[in-house]
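Generate a structure from the sequence data that follows.
(2 chains)
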Amino acid sequence: MTSVSPFMNSVNRRLFLRRTTQGVGIVALASLLNSGQLQSASQPGVLTTLPLTQRAKRVIWLTMAGGPSQLETFDHKPKLAELNGQPMPESFTAGQQLAQLQGQKLVCLGPQFPFTKAGDHQAEISTLFPHIASVAEDICIVRSMTTEAINHDPAHMFMNTGSQIAGRPSMGAWVTYGLGSEAEDLPGFVVLVSTGPGRSPQPIAARQWSSGLLPSRFQGVQLRSKGDPVLYLTNPAGISRDQQQVDVQAINSLNRLQDQLVHDPEIATRIAQYEMAFQMQSSVPDLMDVRGETASTLESYGCQPGDGSFASNCLLARRLAERGVRFIQLYHRDWDHHSLLREELPLRAKEVDQGCAALIRDLKQRGMFEETLIVWSGEFGRTPMMQGNKGPIGRDHHNKAMSMWLAGGGIRGGLVYGATDDLGYAAVENVCTVHDLHATMLHQLGIRHEAFSIKFQGLDVRLTGVENAQVIKGILS
Amino acid sequence: MTMRRLFLVVLGCAAASVSAAEPIAEKTIDFNRDVQPILSNNCFFCHGPDANHREADLRLDVRDEAVGGEAIVPGKPEVSHLVNRIMSTDPDEQMPPPESNKHLTDREKQILKQWIAEGAEYQEHWSYVAPVKAEIPAGQNGVDVLIQQRHKSLGLEFSPQADRRVLIRRLYSDLLGLPPTPEEVQAFVDDQSPDAYAKLVERLLASPHYGERMAIGWLDVVRYADTIGYHSDTPRNVWPYRDWVIRSFNENKPFDRFTLEQIAGDLLPDADQETKVGSAFNRLLLSTEEGGAQAKDYESRMLTDRVRAIGTVWLGQTTGCAQCHDHKFDPISTRDFYALGAFFADIQEPILGRREDGMLVTTPEEQAKLAALDATLAETRGKFNAILPQLQAAQNQWEEDVVRAGTAIFEELAEGSQASAGDKKTAEQIFALVKKADKDRNSRERDQIQSYFRSKVCSQHKEEQAALAKAEQERKAYYDTLAKCLVSISSSNPRTVRILPRGNWMDESGEVMQPALPHYLPQPETDGRKLTRLDLAQWLVSRENPLTARTVMNRLWKQFFGIGLSKVLDDLGAQGEPPVNGPLLDWLACEFMDSGWDFKHMVRTIVMSQAYQQSSIASAELLAADPQNRECARQSAFRVDAELVRDNALAVSGLLVNRIGGPSVKPYQPEGYWENLNFPVRTYVADSGENQYRRGLYTWWQRSFLHPSMLAFDAPSREECAAERNRSNIPQQALVLLNDPTYVESARALATRILNEGPAATPERIQWVWNQVLQRNARPEEVQIVEQLLTQHAKTYQQAPESAAALLGVGGAPVDEQLDKAELATWTHVARVLLNLHETVTRS
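The predicted structure follows:
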């Protein structure tokens, strides 16, 4: 028994015939009454018509957790090199919020690695990323991103949910809530986490992929490289797949009998969920089993099956995309270089560089690149000032400037957007906020961010907050 | 239009935002019910209480202002600007403006027009007005009278009473969170006395498990958890507070006292250990140990966290908005917000970093034992101190010898010494230190020398030294076993609280705020003295406060009917929902206060009502008319809370250890689930023995990685106050019930019970287990399905005994070796199927 369901496929609409709280049900009901526009979604979302052209059907978000330095990656600052070891001019830093450098003597730290010029547009990219440089024509580097938070946990929360208060839905939850998912037997929002070997990376809380105030079915499901890929996916010892099927069929038969007596719509949903769970028990292992990939594909990503590496997760991201998963978020941990910047940053760069470029090429080859929005970012940037109080030199957290890149999904490749000042301290040209980023991502998915809200505690809660977030039009193709 | 028809129309509009214009001429407009929600939703964002965000200098939340600007001309919709603007199709004129993404339906426009035509009367917002208690005829239950009053006007009536088996199952679930045994069910079914049900209610209210059941919702709303929340999400000591909550419900502590102890248990005139443990409430917020975190940042986070908590737990107000700007819909201002925060400025706590161990929470026996150990310690220390001068003199002598004789005096460094490299190194270090002049040594170095001398050199007074070390060690070992709890301790030097402009903690230009109560609610007499947390607590539960009793009763209602009377449990403000049955919510609130805030009285009142005892099976017509059961013309069926899913499986399988209270416990959890936690890296070690089989509410509550089977069933992470839980129905729930070792082991234990305690024949066994789990007999079609199931699995396990052994090996409970493995494994499947049924996890 592999991919064909032994059960009637009743998952689709029934998923939405359920009691929900806090007003979500109203929209869900509306979608039920006139679904048809978004035919393809097999788990439909609440948005039945999209006000905007959908340039991206899905998102792959590559999160570099810990906050990579923009100054060693995508924002070259020769002037900072000149001032290396000199005091940081006070005009930049007076009265500003710092993390571990608060109250310390501030000294400039020049870029620690050379940059190269890539693509027709001669974008400056660190030599640590030769593979990403090789796809420079396909990506849009944004050098003027800013954020509001300066510690890891709140900054991740802000980047994922648009709020620093716990309990808001993450972007993946928002998007699957709005658009549903085309995946028949996989969750619509999937998370993969990888860690480089060695050090002790910053923690990441499950709230980063929580559905928050949205119903739990929109929460991100973590696919793990060790143990059960999805929690509780494997049958108990001593129970074969056939036996599992016998039990699930018995459960559903008994539930159907009960439904005939009490007419509770939740029972139909329960039956559909058991079908879905049973399906996932084979579809997830199928997904994770990359042995069918060609040797050249594996080689292009530079991964071994089952190694749990970032590159492996990039390959899985492509496989998830092929299966219709709406929102795929990869975390690669350990970018928090307060110290050992020179020693550790090249290792992280090497761990992600090839996989990123391979993912772009692979999607292009399969004709999926243009409909997939790829985002590469940390949760904040790092200071142009040196941090020396934690061992070999590094850089502190920084929220006034960070670099990121986007690709596919209607983003203009071969572009560098925005700029920081001479020392890379603050974004000064085309300054963007996290809310702008969210607005732009939603825009590419066909959603007007201002009109995409849910009622919570009496408020129209939006991913993009109450301030006027702007779609970053300058990076769209 | 018949009444029935009207009911359908009204409900239809509420449920699905039907946009077709419906004639509404048959009823008069009620401002709070009909108009205010429209204005609040569509207009107040720009024309409401927030002065900094007011357009055209027009506010519509105050009648004089709305009328003064001729936006509203009472009685004359045709000349009211408001009407012209909402009816306009010109995008420049139209209100709400198209870019606001707000849109009035034709029906809403009609309501506004009709309201203005009828004189545009405003009412004060319903929840800010003191509740009025309806007259209830003597001997009748207010719940029934007031529901039936609405039913009368809607053409509804109560459904028949539920079957007794359903009723006792429902009552056990709602009051204890545990299933009744078949014997208890049978006794109730057979009890023909008129007060059979009342006796059952009283018995359950007196059960010690009642407190556990009631605690679940309270622990959600106060965000009780075992870890700090942010970043490293490390443990902290608060579990005695959880037990205090359970105890408070069991003792039926009046809710006003319950409130006082939580907010100001340390400030009460009769403060004692118990009330101080209650004051742990103030410490339940999130905190961080992240390096590089700024104290001012987290000071602000903690203040806002506490204000939001007061808003959610007691006031049913969403205060959070006012952190940055005056509330756009409710009258709460930024001043109100920070003034509320100032009540907590006296709480002693580290803003950043590790929480302290907390107050010792001891029984009198433990107290006595600790005192005895302290006395022993004091005595041995006294003896030791007596010999101290001699010891010091000996050390001085030795130090002089060292300086004179050099390294030769150290045994470790002598020729041919067998000492380890480490010991040699230590000796060398000590030698270097001793050579230093005493004034050049720091205290650590002095300690090093002293410790070396006493342990390695000095042969005198060994006994006194050993006695002291032993006494110290014994005292510490015992102290470490004692319960501790973070509590509120008031500092005489409170933090300065300023209004943070736009919520920005770096901006220190804001006005300094003193504790004060929200300006828009009734104020107590305070003679201008500085208010304390005790004042805040007393005000929250004062008779004049219109919000607290309503908020608490609205939440309680949800526990028994599945949805609040006002469905937005944490917002009784303008953007919430006016209660579907306002007189009923008011009556409950008044009755609650009149009874002396008697929780059990209110629970009893609700469960004794006819409304509560109805069947939950709805006719298709009723289901369509009132899908959410707002009108209580039936009971509701809903999936039970995460904790109770677990409790039920453990209870029916006989595994449950129903001991009350104690440190949190660790059920089986998938390996590696905590791999993304750090500082420090943690390995989850599941409890063995009795603690593996405790009720769900004792589960270790790791905020950033809540136990995955709890999470699957919508238990909140408790990072924020959660007034209600989602009630989702997702595939992960199926995976948990099918594959989580807890449920596999429960199925095996239940199967063991079937074979050991049940009858011998298969059909009777099926009946027996059906009664254990579902409290009813199996129907013939069900028996047939189970018999097929048995046949299929029996065949498999007879052919593959090793599979049977593998299945029985899941979980730590011992396997009954007397039973045939294949048979036990086969029946394990029956039990497993039963534990997975929708009916099993549903309270109906």
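
going forward, measure contacts between C-alpha atoms and count neighbours the same way
Fine.

For chain A, what is the nearest residue in the stretch 151-300 of chain B?
Nearest to chain A in the stretch 151-300 of chain B, going by CA to the nearest CA, is B:Gly292, at a distance of 4.1 Å.

my read: that residue touches A:Ala149, true?
No. Judged on CA atoms under 8 Å, B:Gly292 makes no contact with A:Ala149 at a distance of 12.0 Å.

and the gap between the residue of the stretch 151-300 of chain B closest to chain A and A:His152?
Distance, B:Gly292 to A:His152, using CA to CA, to the nearest Å: 10 Å.

out of these two, which sits in the busier spot?
Per other CA atoms under 10 Å in any protein chain shown, whichever of B:Gly292 and A:His152 has more neighbours is A:His152, with 26 against 17.

Looking at the nearest residue to the more buried one once chain neighbours are set aside now. What's its pLDDT?
Take A:His152 and drop its neighbours on the chain: the residue closest to it by CA to CA, 6 or more residues apart in numbering or on different chains is A:Gly66, 6.7 Å away. pLDDT, A:Gly66: 94.

neighbours of A:Gly66, just the number please.
Quick note: A:Gly66 (other CA under 10 Å) scores 29 neighbours.

next one: stretch B:799-813 to chain centre, how far?
Its chain's average C-alpha position is 38 Å from that of stretch B:799-813, according to CA atoms, centre = their mean, to the nearest Å.

List the buried residues for it?
B:Ser803, B:Ala804, B:Ala805, B:Leu807, B:Leu808, B:Gly809, B:Val810, B:Gly811, B:Ala813 (16 or more other CA atoms under 10 Å in any protein chain shown).

Span of that stretch from start to end?
25 Å.

any weak-confidence spans in the chain?
Just so you know, I chose chain A. A:1-42, A:198-199, A:457-458 (pLDDT under 70).

You answered for a different chain; I wanted chain B.
The model of chain B has pLDDT under 70 over residues B:1-27.

returning to that earlier point: which residues are in contact with the residue nearest to A:His152?
A:His152, A:Pro201, A:Gln202, A:Arg333, A:Asp334, A:Trp335, A:Asp336, A:His337, A:Gly378, A:Glu379, A:Phe380 (CA atoms under 8 Å, 6 or more residues apart in numbering or on different chains).

pretty sure the last one contacts A:Ile150?
Spelled out, it's A:Phe380. Yes. Applying CA under 8 Å as the test, A:Phe380 and A:Ile150 come out as touching, 7.1 Å apart.

And the two? Which one has more around it.
A:Phe380 (31 against 26).

which SS state does the residue in the stretch 451-600 of chain B positioned nearest to chain A fall under?
Relative to chain A, the nearest point of the stretch 451-600 of chain B is B:Gln575 (4.2 Å; CA to the nearest CA). Three-state assignment for B:Gln575 (DSSP: H, G, I helix; E, B strand; the rest coil): coil.

what's the answer for A:Val142, then?
strand.

Quick check: it touching A:Met404?
Yes. A:Val142 is in contact with A:Met404 according to CA under 8 Å; the separation is 5.3 Å.

For B:His838, the count of nearby residues, please.
23.

residues in contact with it?
Going by CA under 8 Å, 6+ apart, B:His838 touches A:Asn255, A:Ile267, A:Arg270, B:Arg639.

Quick check: of those, which lies closest to B:Leu303?
B:Arg639 (35.8 Å; CA to CA).

Chain neighbours aside, what residue packs nearest to that closest one?
B:Thr842 (4.1 Å).

The one you found touches B:Phe638, doesn't it?
Yes. Between B:Thr842 and B:Phe638 there is a contact under CA under 8 Å: 5.4 Å.

Quickly list what's touching both of these two.
Contact criterion CA under 8 Å, 6+ apart; residues shared by B:Thr842 and B:Phe638: none found.

Name the residues contacting each of A:Phe380 and A:Ile150.
With CA under 8 Å, 6+ apart, A:Phe380 and A:Ile150 have common neighbours A:His397, A:His398, A:Asn399.

Tell me the secondary structure at the first one.
Translated: A:His397. Applying three-state DSSP: A:His397 is strand.

what about it, neighbour count?
Neighbour number of A:His397 under other CA under 10 Å is 29.

repeat for the second one
By the measure other CA under 10 Å, the count of residues near A:His398 is 28.

for it, what are its contacts?
A:Leu98, A:Ala99, A:Ile150, A:Phe380, A:Gly381, A:Arg382, A:Thr383.

and if we set it to 6 Å?
Contacts for A:His398 (CA atoms under 6 Å, 6 or more residues apart in numbering or on different chains) come out as A:Gly381, A:Arg382, A:Thr383.

same deal with the last one?
By CA under 6 Å, 6+ apart, the contact set of A:Asn399 is A:Thr146, A:Thr147, A:Ile150, A:Phe380, A:Gly381.

Can you flag which of those belong to helices?
Using DSSP state H, no member of the contacts of A:Asn399 sits in helices.
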